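**Q** My questions are about this predicted structure, shown below with the sequence.
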2 protein chains.
Amino acid sequence: MNKLPVQPYKGARDFYPEDKLLQNYIFSVWRGVAERYGYEEYDAPILELTDLYRAKSGEEIVNEQTYSFTDRGGRDVSLRPEMTPTVSRMVAARRQELSYPLRWYSIPNVWRYERPQRGRLREHWQLNVDVFGVKTIDAELELIQIAKDIMHEFGASDDMYQIQISSRKLVNLLMAQHLKLDVMQSHLMIKLLDKADKIPRETLLQEASQIFDDVERNRGMKNLEDILNAKTLADLPPSIVGSDSVKEIQILFTLLKEHKINNAVFNATLMRGFDYYTDIVFEVRDKHPDNNRSMFGGGRYDGLVGLFGVEPLPVAGFGMGDVTIADFLATHQLTPKLQPATDVYVVIVGDVLKEAQKIARELREEGVNVAVDLSGSKTDKQLKSAVKKNIPFALFIGSDELANEQFTLKELASQKEQKLSLERVISYIKDNRRE
Amino acid sequence: MNKLPVQPYKGARDFYPEDKLLQNYIFSVWRGVAERYGYEEYDAPILELTDLYRAKSGEEIVNEQTYSFTDRGGRDVSLRPEMTPTVSRMVAARRQELSYPLRWYSIPNVWRYERPQRGRLREHWQLNVDVFGVKTIDAELELIQIAKDIMHEFGASDDMYQIQISSRKLVNLLMAQHLKLDVMQSHLMIKLLDKADKIPRETLLQEASQIFDDVERNRGMKNLEDILNAKTLADLPPSIVGSDSVKEIQILFTLLKEHKINNAVFNATLMRGFDYYTDIVFEVRDKHPDNNRSMFGGGRYDGLVGLFGVEPLPVAGFGMGDVTIADFLATHQLTPKLQPATDVYVVIVGDVLKEAQKIARELREEGVNVAVDLSGSKTDKQLKSAVKKNIPFALFIGSDELANEQFTLKELASQKEQKLSLERVISYIKDNRRE
């Protein structure tokens, strides 16, 4: 038989213990902040009927990016490319029983068939935070506060990233009223502007000019330049500045300032990829020159729950991926040094394994995490194993130690050794544990 | 457009917050015990090349039970039906760099296309605990200790379950020497005996008789009865009792007794489904009459890592699923009452949301988990929402409270109310938090 390949599936990651430690750190920050705001964790199967994504995720995702197949029962299913359709389905299923505001979070893995590149893999884990049943801008405020608290908890200062804000309503207004585009043209223009920061301005303008009708092109292109050049809400055309959608964004900026969030700015070309957004959208961008790109975002999507045939429900939420966060931490040198959960490695000196296992059990009963060497190797080789695994302490057990009830505890970083009773071993490890 | 269905994919579960709390409880017991024995967490993509399972999981699994499909790049891939081939792949990829004994655990979700039934769903999460690089029976001892500690941590007493032990080597010996079966016949007999506790004895004997050659049938069936009737190792035929594989099982029983594990028994028909086991196998069975069935198990599979073209490595491990454990807890009334992570629900009295949000922030900075009502509803409706969400405390904030800096804190279970300063609110909640 041919030997099997040892690599993981292309574009997805194996998590060796050191990788899993980092991922668990990211997850624990996410969980901690979400729960501090009263969000409850939910989860769902990674397989969904493909129709769920046909309904709202957007064509490109279903036609080009989903992992779709027919199951043995003939159902057309997909690995979830995102969690929002799933959570909408779950809320719709209990629309009447659930009480609102409903605050839910989850950390699902999601799959997209894309060319793997920096910050984008085929599988990533994504914090999803959603609040259901809140019509007012307080929902968006809370979500942005959570996003900021998460960044803060990761050690990020406000100058490292920027919160960009716009609204789908404002964009629709700009498309219809300022650019005079019909629904189909607007759709094309929105898809184009969604790529604005990834393609040269010249290419953007060239492609944009194809979207306008011949008679509208000249004025349309001039008006498009206005939008592209607007740095603040006040730079927008006067007819737009007085609109409700601009007022709503202004209210959000005022609220954010009151809550000491000062790194939020307006961005007229902020579109967010998904078709389902209906109002405010926001995106967090890394400001570091080596990693200057969108990290995560979200917005309001009031229409999705109602698609399941229940009474519609206002919803806002955001998603944040583990790959982009890990890149951000690395770029800003914020990745913490993480330690394995194991406190102590028991090195066996001579033929005392059975007794050592009993001592290990006593330590475990006191809440100490203990690995016992079972290799039968020489003590120096056993010790090397502990060092390689980055375990902080080694405990030597041999017949002398057992007879005297005094055990050598070695701190592997400092090489410091001491002879201690078992009771003192336990208390010393607990007191000097690296948290 | 037709409305979308709200149910999850057939045979898989949605986890509403109360379900996720239970799953997280199960996971935390698993993690806690695995880490107490020095095991480190790893993870891997849920998609693998299907060839990985063709190699060793067994025909039935790949041909009838995997979720397999061709990806957009033409690769034949499967959702993992189990984790053992993946972990073997990962260890093989770093065969030389890793240091042994290597102790790893993971809690992956795995998928099988089966008819959903009690204790068996199409998706479940499974603790996988594996120790690599230990040839001796100390590996099996440690794994069974871990299994027992997990059961103990779940509140199970020894009389609630039984640990059944056998060995693939012993089974092979029984097949070849006692039943005189060739390799193909042994394979069929093992598959049949694997179902021994699920089909009537009569059916078993009928099917078994088809496996023997005509000339061997009478003697074979008599010898098969010996095996089926063997309650202890001593009941086995004399030629088998003296074998190395029986001695090995005897040594394991002695070690288990020394470590105070007294609910382990021999079971000659214990096969375990997977083809890759090479030596000792064990299985934990629920003894409750309503749920009398196999819950989980494992064994030694020394051949798997070497399939990847690296130096072979002795390995033993076991897997334990969340569905069967949840059934066990429910059957034995061991399911704990679990509380949401949210400590307090802020009820808004009048037009003070902005001030209430600031107070919520102060509480959060002190590590209290706070949900603020954003519904704009009347206070009694807000309070109902807190009760429904099973949140322990409600904090009332209105203009009077803000003026006096005294806030009403209500314990929702006892209906007890007190007026406290913010500082006292924080300390009271922390002191009376349900852990």
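**A** Noted; the coordinates are in hand. Being a predicted model, the structure only gives us computed values, none of them experimental. Numbers count the residues shown, from 1 in each chain, chains lettered A, B, ... in the order given.

**Q** In the stretch 1-150 of chain A, which residue sits closest to chain B?
**A** Residue nearest to chain B within the stretch 1-150 of chain A: A:Gly38 (2.5 Å; C-beta to the nearest C-beta). (Each C-beta comes from the backbone N, C-alpha and C, glycine too.)

**Q** Counting neighbours, what do you get for that residue?
**A** 27 (other C-beta atoms under 10 Å in any protein chain shown).

**Q** ok, the residue of the stretch 201-350 of chain A found nearest chain B - contacts?
**A** With C-beta to the nearest C-beta, the shortest gap between the stretch 201-350 of chain A and chain B falls at A:Gly309, namely 3.5 Å. In this structure, A:Gly309 makes contact with A:92, B:3-4, judged by C-beta atoms under 8 Å, 6 or more residues apart in numbering or on different chains.

**Q** at 7 Å instead, please
**A** Going by C-beta atoms under 7 Å, 6 or more residues apart in numbering or on different chains, A:Gly309 touches B:Lys3.

**Q** before we move on, what about the one 4 residues further on?
**A** Neighbouring residues of A:Leu313 by C-beta under 7 Å, 6+ apart: A:91, A:132-133, A:305.

**Q** Looking at it now. What's its pLDDT?
**A** On pLDDT, A:Leu313 comes in at 96.

**Q** Is it correct that it falls within a strand?
**A** No. Going by DSSP: H, G, I helix; E, B strand; the rest coil, the assignment for A:Leu313 is coil, not a strand.

**Q** Which parts of the stretch 51-200 of chain A are helices?
**A** Along the stretch 51-200 of chain A, counting by DSSP state H, counting those that start in this stretch, helices occupy A:51-56, A:59-60, A:84-93, A:138-153, A:168-173, A:183-194.

**Q** Which residue ranges of the stretch 101-250 of chain A form strands?
**A** Here the stretch 101-250 of chain A has its strands, by DSSP state E, counting those that start in this stretch, at A:102-106, A:109-111, A:123-132, A:161-167.

**Q** Please convert these to a markdown table, extending it with mean neighbour count.
**A** Below are the strands of the stretch 101-250 of chain A laid out as a markdown table (neighbours: other C-beta atoms under 10 Å in any protein chain shown):
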| stretch | mean neighbour count |
| --- | --- |
| strand A:102-106 | 24 |
| strand A:109-111 | 21 |
| strand A:123-132 | 23 |
| strand A:161-167 | 22 |
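
**Q** For the contacts of A:Leu313, could you give me CSV that also reports pLDDT and distance to chain B?
**A** Rendered in CSV, the data for these read as follows (pLDDT from 0 to 100; distance: C-beta to the nearest C-beta, whole Å):
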residue, pLDDT, distance to chain B
A:Val91, 98, 9
A:Phe132, 97, 11
A:Gly133, 96, 7
A:Val305, 92, 10
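
**Q** what separates the residue of the stretch 201-350 of chain A closest to chain B from A:Ala93, distance-wise?
**A** For A:Gly309, the distance to A:Ala93 equals 11 Å [C-beta to C-beta, to the nearest Å].

**Q** now swap in A:Pro108 and tell me
**A** Distance, A:Pro108 to A:Ala93, by C-beta to C-beta: 17 Å.

**Q** who has more neighbours, the two?
**A** Comparing A:Pro108 with A:Ala93 by neighbour count (other C-beta under 10 Å), the higher total belongs to A:Pro108, at 20 against 17.

**Q** Just to check, that one is in contact with A:Glu82?
**A** No. Contact between A:Pro108 and A:Glu82 fails when scored by C-beta atoms under 7 Å: they sit 8.8 Å apart.

**Q** burial measure for A:Arg31, as a count.
**A** If you count neighbours by other C-beta under 10 Å, A:Arg31 ends up with 17.

**Q** what does the one 10 residues further on give?
**A** Taking other C-beta under 10 Å as the criterion, the count of residues near A:Glu41 is 21.

**Q** Just list whatever residues bridge to it.
**A** For A:Glu41, the beta-bridge partners are A:Tyr105 (DSSP bridges).

**Q** which ones are touching it?
**A** A:Glu41 is in contact with A:105-106, B:17, B:20, counting by C-beta under 7 Å, 6+ apart.

**Q** between these, which is nearest A:Ala44?
**A** Using C-beta to C-beta, A:Ser106 is the member of the contacts of A:Glu41 that sits closest to A:Ala44, with 7.6 Å.

**Q** Which pLDDT does the model give that closest one?
**A** The model's pLDDT for A:Ser106 equals 98.

**Q** go on, the one 4 residues further on?
**A** In the predicted model, A:Val110 carries a pLDDT score of 97.

**Q** Just list the residues touching it, thanks.
**A** A:Val110 makes contacts with A:80-83, A:124, A:126, as judged by C-beta under 7 Å, 6+ apart.

**Q** From A:Pro81, how far out is it?
**A** According to C-beta to C-beta, A:Val110 stands 6 Å off from A:Pro81.

**Q** hmm, back to that, looking at the helices of the stretch 51-200 of chain A, which is nearest to B:Ile426?
**A** Closest of those to B:Ile426 is helix A:138-153, at 17.8 Å (criterion: C-beta to C-beta).

**Q** re earlier: who wins for neighbours among the contacts of A:Leu313?
**A** Most crowded among the contacts of A:Leu313, counting by other C-beta under 10 Å, is A:Val91 at 25 neighbours.
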